[in-house]
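S.K.: Pasting the sequence and the predicted coordinates here, then a few questions.
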Amino acid sequence: MSSIPPLLARSRRHFFHECGVGLGSIALGTLLARDATAAPDKPVRRDPLVPRPSHFPAKAKAVIYLFMAGAPSQLELFEPKPELNKLNGQKVPDSFTKGKRFAFIKGDAKILGNTRKFGTYGQCGMTLSELLPHHRDIVDDVCWLRGMKTDVFNHGPAKCFVNTGSPQFGRPSMGAWATYGLGSESDSLPGFVVLQSGPRGPRGGAALYSSGFLPSVYQGVPFLKGTSPILDLAPPPGIDAKRQGEFTDAVRDLNRLRLDVTGDPEIATRIAAYEMAYRMQTAAPELMDLSKETKDTLDLYGVAAGKPSFAANCLLARRLVERGVRFIQLYHTDWDHHGGALDLGKTLDQICKEVDQPCAALVKDLKRRGLLDSTLVIWGGEFGRTPMGESRETIGRDHHIDAYTMWLAGGGMKPGLIYGKSDEIGYNVVENPVHVHDLQATILNQLGLDHLKLTYRFQGRDYRLTDVHGNVMKDIVT
């Protein structure tokens with residue numbers, strides 16, 4: 001017979017639970033306390049996406065990330081390099097390529113000149129190619145990062161790196177970190193929404209907007225094209241709103257009882273998902289209905305009525321911001337211009353035509369509605385393109401991680417600032433480099449989040465978006 005007293009024979013889990021300080025009790029108590037202090041004229045929020053205070057006053061309330069999947073060529077879009085044309089066909093000096101790895105080309109690849117015409121625009125004097133005529137209107141609203149650098153030269157891992165801070169799948173994405181840290185202002189739409197355009201999704205797939213080891217309520221929710229963005233959102237035939245509401249309430253109460261016992265955050269996610277889905281049955285169709293937008297607005301973006309497109313997604317991004325969504329990410333694919341089917345000629349012309357007007361329109365529209373100051377817009381891909389050419393059926397450029405261009409607008413970024421500089425052929429950054437981890441730290445900073453303090457303990461250690469790297473780029477923020 002054991003001589004252990006009955007109290008000590010019980011498990012620690014039972015002890016803490018029955019003392020009323022179990023994790024579930026703490027979590028539920030926190031939720032109920034927060035609900036009790038809610039304003040009486042506002043609906044009660046009990047989900048994990050309830051807005052939370054930032055570490056310090058934020059400049060941006062929301063983020064719209066325009067992700068150009070495949071990596072746009074900075075040399076054809078933003079950076080004229082006369083020296084490229086002078087050295088066209090010559091081998092890059094060994095000092096540039098020694099110890100470097102590329103996706104496809106070899107170290108003896110020849111320099112490729114640029115045939116695009118460039119002009120200088122705005123008070124800031126930004127150079128843009130003929131491929132981006134609408135961007136000329138926003139040059140003084142944009143902070144131009146010409147010294148971007150990253151670590152990873154293959155598409156899938158590189159996309160994962162810029163989105164999650166790691167080239168390995170399984171880490172939380174930037175949108176997941178943002179909603180984990182701040183929650184969402186919307187009670188009828190997800191806090192993190194993903195919109196895709198093009199013939200396919202980006203390489204890397206759902207890992208790019210995953211919640212990783214964070215509770216799954218923080219993952220990005222992909223919206224489908226058309227008036228029904230979420231599968232199985234509409235109630236089945238014969239089920240009216242009253243019956244569905246009763247069902248949702250019953251499931252919620254049962255889940256809360258289980259949450260009180262286990263403290264499992266995925267049960268809180270389940271509760272939030274049921275309640276969110278119920279509210280979204282009204283909110284989602286209204287969001288996707290662009291018919292109430294003015295003709296002027298539709299023409300500004302270049303939206304064709306009833307036709308899904310990147311332009312329509314840009315307009316939806318603005319509508320999502322207006323409805324309190326925290327993080328919106330748009331993916332536009334087919335920027336991988338190695339040559340062959342995807343080259344630097346007509347293919348690039350078409351891709352640029354698809355995004356130029358809508359991206360510029362988004363900045364203009366946010367500005368005229370008074371939303372740009374509180375919305376951070378990000379534009380760019382996972383890396384850039386090489387100064388050397390890659391020969392397939394036609395000529396293109398390989399992946400390049402050592403110097404490329406991105407742009408940021410609104411959300412407390414310095415407008416009209418051209419920051420960073422690459423060398424005379426666009427190979428290396430020679431002034432004001434910005435690493436991907438620095439960009440991530442700066443984005444969180446604009447949301448009022450300290451990237452060093454926004455952590456989550458997993459498998460015995462604290463993780464953060466920037467891992468053990470990253471510095472806020474104070475030169476580019478107001």
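M.R.: Sure, I can see it. Numbers count the residues shown, from 1 in each chain.

S.K.: Could you look up the next helix or strand downstream of the helix or strand containing residue 357?
M.R.: Per DSSP states H and E: residue 357 is located in helix 346-368. Moving toward the C-terminus from helix 346-368, the next helix or strand (DSSP H and E) is strand 375-380.

S.K.: from the chain's centre, how far out does that next one sit?
M.R.: Offset of strand 375-380 from its chain centre (C-alpha atoms, centre = their mean, to the nearest Å): 9 Å.

S.K.: orientation of that strand relative to helix 346-368 in degrees?
M.R.: If you take axes from the mean of the first three to the mean of the last three C-alpha atoms, to 10 degrees, strand 375-380 sits at 170 degrees to helix 346-368.

S.K.: partners of strand 375-380, with directions?
M.R.: Strand 375-380 has the following strand partners under DSSP bridges: strand 62-68 (parallel), strand 404-409 (antiparallel).

S.K.: can you list contacts of the longest one?
M.R.: The one in question is strand 62-68. With C-beta atoms under 8 Å, 6 or more residues apart in numbering as the test, strand 62-68 has contacts from 159, 163, 174-175, 178, 202, 314, 317-318, 321, 325-332, 335, 355, 359, 362, 374-381, 411, 443, 447. All C-beta spots, glycine's among them, are computed from the backbone N, C-alpha and C.

S.K.: Residue 408 and residue 432: what is the separation?
M.R.: 14 Å (C-beta to C-beta, to the nearest Å).

S.K.: Settle it for me: which of those two has more neighbours?
M.R.: Counted by other C-beta atoms under 10 Å, residue 408 and residue 432 do not tie: residue 408 has more neighbours, with 27 against 15.

S.K.: what kind of secondary structure is the residue nearest to that one when sequence neighbours are not counted in?
M.R.: Distances taken as C-beta to C-beta, 6 or more residues apart in numbering place residue 143 nearest to residue 408, at 4.7 Å, with adjacent residues excluded. Look at residue 143: counting by DSSP: H, G, I helix; E, B strand; the rest coil, its state is strand.

S.K.: who's in contact with residue 143?
M.R.: Applying C-beta under 8 Å, 6+ apart to residue 143 gives the contacts 407, 408, 409, 413, 414, 415, 416, 417, 419, 476.

S.K.: Determine which two of these are furthest apart.
M.R.: Pairwise distances across these peak at 13.3 Å for 409 and 419 (criterion: C-beta to C-beta).

S.K.: more neighbours, the two?
M.R.: Higher neighbour count among residue 409 and residue 419: residue 409, with 25 against 20, using other C-beta under 10 Å.

S.K.: in what helix or strand does residue 56 lie?
M.R.: Here residue 56 is assigned to no helix or strand, by DSSP H and E.

S.K.: That one and residue 448 touch, don't they?
M.R.: Yes: with contact defined as C-beta atoms under 8 Å, residue 56 and residue 448 form a contacting pair (5.5 Å).

S.K.: Of the two, give the one with the bigger neighbour count.
M.R.: residue 448 (17 against 9).

S.K.: Tell me who's in contact with that one.
M.R.: When contacts are counted by C-beta under 8 Å, 6+ apart, residue 448 is found next to 54, 55, 56, 57, 58, 59, 182.
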